[in-house]
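[1] Predicted model, plus sequence, below.
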Amino acid sequence: MKSNKLSFLYTLVFILFSTACGNKPQKHSEEQKEELITVIDRFNKAFANSEISVLESMVTNNYSHTNGTYEAIDKEKWFEYLKKRSKEIKAGILTINSYEMNQLKIEFHDNTAITTAKVITSITKNGELSKNEYRVTNIWVYENGAWKRAGFHDGKIQ
């Protein structure tokens, strides 16, 4: 009898300790998935419209951005790129005709989500039309009550 009580006590302590340490797997509901999709849509709209202040609030401090043909850059360098791009848009050098994400897939891992998708873009730069397709992977983390993008990588399809 004493052995059963000790076994139960050890099991209870183990469960409580595991839960307190965050080792308990989290289940993500459709509502949480929809929340992340809404955040991704907002992020993509802000990127297409060059809304830098919105994007700043939606990435982590240690953000990492990698394009298929360049080495990884940090948050500071990515925002330098965004500011240059914004100036080109305002000057009429660059026009974002369309920016579309489809085939979105989301995999949750506790407070992190890995998303994959296909992005199709159409831009006009210096009067030249350019259409491209990319496969993208994003890493999103739930930080301080909000989803923030922590990492990005793309590979050009065409």
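    Sure, I can see it.
[2] Run through the strands of this structure in chain order.
    For the chain, strands defined by DSSP state E occupy the ranges 59-66, 73-74, 94-109, 112-125, 128-143, 146-156.
[3] okay, and for this protein, where does confidence drop off?
    1-28 (pLDDT under 70).
[4] buried residues in stretch 30-38?
    32, 36 (16 or more other Cβ atoms under 10 Å). The C-beta positions use only the backbone N, C-alpha and C, and glycine is treated the same way.
[5] I would like the residues contacting that stretch, please.
    104, 106, 108, 113, 115, 140, 147 (Cβ atoms under 8 Å, 6 or more residues apart in numbering).
[6] Just the buried ones out of those residues, please.
    106, 108, 113, 115, 140, 147.
[7] Tell me the bridge partners for the last one.
    Okay, so that is residue 147. Beta-bridge partners for residue 147, by DSSP bridges, are residue 142.
[8] Report the separation between it and residue 44.
    For residue 147, the distance to residue 44 (Cβ to Cβ, to the nearest Å) stands at 13 Å.
[9] Please apply the same query to the third one.
    When distance is defined by Cβ to Cβ, residue 113 is 15 Å away from residue 44.
[10] The fifth one now?
    Residue 140 sits 13 Å away from residue 44, going by Cβ to Cβ.
[11] Check the second one too.
    Relative to residue 44, residue 108 is positioned 20 Å away (criterion: Cβ to Cβ).
[12] Kindly report the same for residue 31.
    Counting by Cβ to Cβ, the gap from residue 31 to residue 44 is 21 Å.
[13] right, and residue 130 touches residue 123 too?
    Yes. Counting by Cβ atoms under 8 Å, residue 130 does reach residue 123; the two are 5.3 Å apart.
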